[in-house]
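Trainee: after the sequence you'll find the predicted model.
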Amino acid sequence: MITRTIATCQTEDWQNQLSTAFTSVNSLLEHLQIPKSQYPEWIQAEKDFPLRVPRAFVNKMSKGDINDPLLKQVLPLPLETLDIDGYVEDPLQELTANPIKGLLHKYRSRVLVILGSACAIHCRYCFRRHFPYQDNGISTKEMSLIIDYVGQNTDINEVILSGGDPLVTNNTRLSRLIKALEQIPHLRRIRFHTRTPVVIPERIDKEFIDILSQTRLQVLMVLHCNHAHEIDDLFTNAMAQLKNAGVTLLNQSVLLKGINDTPEALIELSESLFTAHILPYYLHLLDPVAGASHFDVNESIGKSLITTLLSALPGYLVPKLVREEAHRTSKTPISILTEESSQSCN
Ligand code: SF4
């Protein structure tokens, strides 16, 4: 019988949750009461990209269900070791846009800072699963170089904090960085790209809220939820605190085969996001990263899904279908037939 574990409302220090995450397939399967006989050989895939899942995220999975949509995002599979034509280690060729260590300058008005090398969770489809994070972790001195770079480039009005995951960084370091950035007059916004609050909602603690409330910069947070089951009360409460602190909340998802590639799953995701004060922003087609080909949903199915969403939801709940392409100065929107598009203006 399949049962869903109810997430508790007890809070636990986020750093403790980071350090007690599941890091072994065996212990995760045992906890979820899934017999190992249901699961094929995974060892090489786990070696190539280790398993990491915080307990709060595991608590949202259904026990006994090998096909749980949250479990499928984190479970290493033998399919990952296949060598598939067109799937490469650096599909977006980000390393060529890396002018100084820890900084990617792909877009004219904004830069992306790789704040740390770690993530709270390891997502099997991640386009940065082969990124050499160990070469891009930044020291205090290197952070000063990044701040100088932003200060000298007056075209830059927004800094995107990414990683790894920027919210694995502690509040003291974040506060120091934000204070330095707000001294740069042409800088208007700071944006966090993060999945940590989805997998450890306690990360949105009072100290962090205070830091965001006090800065002159406009703050955006782009969350990364792929399925409605990721949104529970604890997460919704954390989002409410951010909203009350004036943070704009958006979401980007990846369209993933067997996880969210049905109209029902995407409609439920958009509705749940809005209940949690978040607007759906992007629905990404999978980046062709080596090891993730089994998650791919082709473009025509993506277009058809968006067409269905346009007839089922108000326009503000329909994410933009996009693809990231190497050397493009923005994400590439995937156009939907004009006839259907006109239905979104309601
Ligand atoms: S949290 Fe984001 S960066 Fe980290 S593994 Fe998942 S998708 Fe990749």
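Mentor: It's in. Numbering: from 1, shown residues only.
Trainee: tell me which helix or strand the closest residue to Val318 other than its chain neighbours sits in.
Mentor: Leaving out its chain neighbours, the residue that sits closest to Val318 by Cβ to Cβ, 6 or more residues apart in numbering is Leu309, at 4.7 Å. Just so you know, the C-beta spots here come from the backbone N, C-alpha and C atoms, and that holds for glycine as well. Following DSSP states H and E, the helix or strand that holds Leu309 is helix 299-312.
Trainee: in that helix, which residues are buried?
Mentor: Along helix 299-312, these residues count as buried under the neighbour rule (16 or more other Cβ atoms under 10 Å): 302-303, 305-310, 312.
Trainee: helices and strands around that helix, which ones?
Mentor: Judged by 3 or more Cβ pairs under 8 Å, 6 or more residues apart in numbering; DSSP states H and E, helix 299-312 is in contact with helix 263-275, strand 320-323, helix 338-341.
Trainee: if you set the cut-off to 7 Å instead, what comes out?
Mentor: helix 263-275, strand 320-323 (3 or more Cβ pairs under 7 Å, 6 or more residues apart in numbering; DSSP states H and E).
Trainee: can you show me the helices along the chain?
Mentor: Ranges of helices within the chain are 14-19, 25-31, 43-48, 55-58, 133-136, 140-152, 171-181, 196-199, 206-214, 233-244, 263-275, 299-312, 338-341, based on DSSP state H.
Trainee: so what touches the fourth one?
Mentor: If I follow you right, that is helix 55-58. For helix 55-58, the surrounding residues in contact (Cβ atoms under 7 Å, 6 or more residues apart in numbering) are 7, 17, 20-22, 28, 31, 70, 121, 199-201.
Trainee: among those residues, the buried ones, what's the PyMOL command?
Mentor: This is how PyMOL selects the buried members of these, with burial counted by 16+ other Cβ under 10 Å:
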select buried, resi 17+21+22+28+31+70+121+199+200+201
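Trainee: out of the contacts of helix 55-58, which is nearest to the ligand?
Mentor: Distances from those to the ligand were compared by Cβ to the nearest ligand atom; the smallest belongs to Ile121, at 5.4 Å.
Trainee: right, and the closest one touches Val199 too?
Mentor: Yes. With contact defined as Cβ atoms under 7 Å, Ile121 and Val199 form a contacting pair (4.6 Å).
Trainee: overlap of the contact sets of those two?
Mentor: Counting by Cβ under 7 Å, 6+ apart, the residues touching both Ile121 and Val199 are 54, 57.
Trainee: up against the ligand, what does the stretch 1-150 of the chain have?
Mentor: With Cβ under 6 Å from any ligand atom as the criterion, the stretch 1-150 of the chain meets the ligand at residues 119, 121-123, 126, 128.
Trainee: including distance to Asn298 and pLDDT, could those go into CSV?
Mentor: Rendered in CSV, the data for these read as follows (distance: Cβ to Cβ, whole Å; pLDDT from 0 to 100):
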residue, distance to Asn298, pLDDT
Cys119, 27, 92
Ile121, 26, 96
His122, 25, 94
Cys123, 20, 96
Cys126, 20, 91
Arg128, 23, 75
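Trainee: how about the residues you listed, which pair is most distant?
Mentor: Across those, the two members that end up farthest from each other (Cβ to Cβ) are Ile121 and Arg128, 12.9 Å apart.
Trainee: any weak-confidence spans in the stretch 1-150 of the chain?
Mentor: In the predicted model, the stretch 1-150 of the chain carries pLDDT under 70 at residues 1-12, 40-42, 92-97, 99, 131-137.
Trainee: find the residue closest to Leu145 in space, skipping its chain neighbours.
Mentor: Using Cβ to Cβ, 6+ apart, the closest residue to Leu145 is Ile100 (5.7 Å).
Trainee: so what's Ile306 up against?
Mentor: Each residue near Ile306 by Cβ under 7 Å, 6+ apart is listed here: 318, 321, 336.
Trainee: how far away is the residue nearest to Val318 from the ligand?
Mentor: Leu309 sits 22 Å away from the ligand when distances are taken as Cβ to the nearest ligand atom, to the nearest Å.
Trainee: I'd like the helices and strands packed on helix 299-312 as a markdown table, with distance to the ligand, mean neighbour count and mean pLDDT appended.
Mentor: Written out in a markdown table, the entries for the helices and strands packed on helix 299-312 read as follows (distance: least, Cβ to the nearest ligand atom, whole Å; neighbours: other Cβ atoms under 10 Å; pLDDT from 0 to 100):
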| stretch | distance to the ligand | mean neighbour count | mean pLDDT |
| --- | --- | --- | --- |
| helix 263-275 | 16 | 19 | 98 |
| strand 320-323 | 16 | 18 | 96 |
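Trainee: how about the ones you listed in JSON lines, adding distance to Asn298?
Mentor: Formatted as JSON lines, the entries for the helices and strands packed on helix 299-312 read as follows, by distance: least, Cβ to Cβ, whole Å:
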{"stretch": "helix 263-275", "distance to Asn298": "16"}
{"stretch": "strand 320-323", "distance to Asn298": "11"}
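Trainee: of all the ones you listed, which one is nearest Lys47?
Mentor: It is, among the helices and strands packed on helix 299-312 and with distance given as Cβ to Cβ, strand 320-323, at 29.9 Å.
Trainee: if I pick Leu309, what's in contact with it?
Mentor: Applying Cβ under 7 Å, 6+ apart, one finds that Leu309 lies in contact with 263, 266-267, 318.
Trainee: pick the one among the residues you listed closest to His294.
Mentor: Leu266 (19.5 Å).
Trainee: that closest one against Thr308, yeah?
Mentor: No. Contact between Leu266 and Thr308 fails when scored by Cβ under 7 Å: they sit 8.2 Å apart.
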